[in-house]
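# Let's see this in three dimensions:
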Amino acid sequence: MGRWRDNVFVERLWRSPKYDEVYLYAYETVADAQQGVGRYLTFYNQLRPHRALDGRTPRVYWEHQPARPMAA
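Numbering: from 1, shown residues only. Sure thing, here's the model as predicted:
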């Protein structure tokens, strides 16, 4: 509980949304913030090229993975 290693992961996870979306817009309501962050996460996960994936998007990356069996 309260270990620095836990915070490192969370801070890195939210760094991009904070700097690329949240800090740039003054949301009027919580609903506006939810829509803005949701829109950004869709962009981040489906359209934005990622350096770690050789410029591919996570969407394209996952489309080329072999199908995994579903649990019964």
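# pLDDT below threshold where in this structure?
Across the chain, residues meeting the criterion (pLDDT under 70) sit at 1-2, 60-68, 71-72.
# All the helices of it, residue numbers only.
Ranges of helices within the chain are 4-20, 30-46, 58-63, based on DSSP state H.
# Nearest to Ala52, out of the ones you listed?
Closest to Ala52 of the helices of the chain is helix 58-63 (Cβ to Cβ; 9.6 Å). C-betas here are computed from N, CA, C, even on glycine.
# can you redo the helices of the chain as TSV with distance to Met70 and mean neighbour count?
Shown next, in TSV, are these (distance: least, Cβ to Cβ, whole Å; neighbours: other Cβ atoms under 10 Å):
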stretch	distance to Met70	mean neighbour count
helix 4-20	27	10
helix 30-46	22	13
helix 58-63	16	13
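# Now the terminal residues of stretch 47-55, how far apart.
11 Å (Cα to Cα, to the nearest Å).
# before we move on, the earlier item: of all the helices of the chain, which one is nearest Pro69?
Comparing those against Pro69 with Cβ to Cβ, the closest turns out to be helix 58-63 (16.1 Å).
# picking up where we left off before, please convert the helices of the chain to TSV, extending it with distance to Ala52.
As requested, these are exported to TSV (distance: least, Cβ to Cβ, whole Å):
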stretch	distance to Ala52
helix 4-20	12
helix 30-46	13
helix 58-63	10
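# Surely Val22 touches Val37?
Yes: Val22 lies in contact with Val37 (Cβ atoms under 8 Å); the separation is 6.8 Å.
# what about the most centrally placed residue in the chain, distance to Arg3?
Geometric centre of the chain, nearest residue: Leu41, 4.7 Å, by Cα atoms, centre = their mean. The gap separating Leu41 from Arg3 is 26 Å, by Cβ to Cβ, to the nearest Å.
# same deal with Lys18?
22 Å.
# circling back: who are the neighbours in contact with the residue nearest to the centre of the chain?
The neighbours of Leu41, taking Cβ atoms under 8 Å, 6 or more residues apart in numbering as the test, are Pro17.
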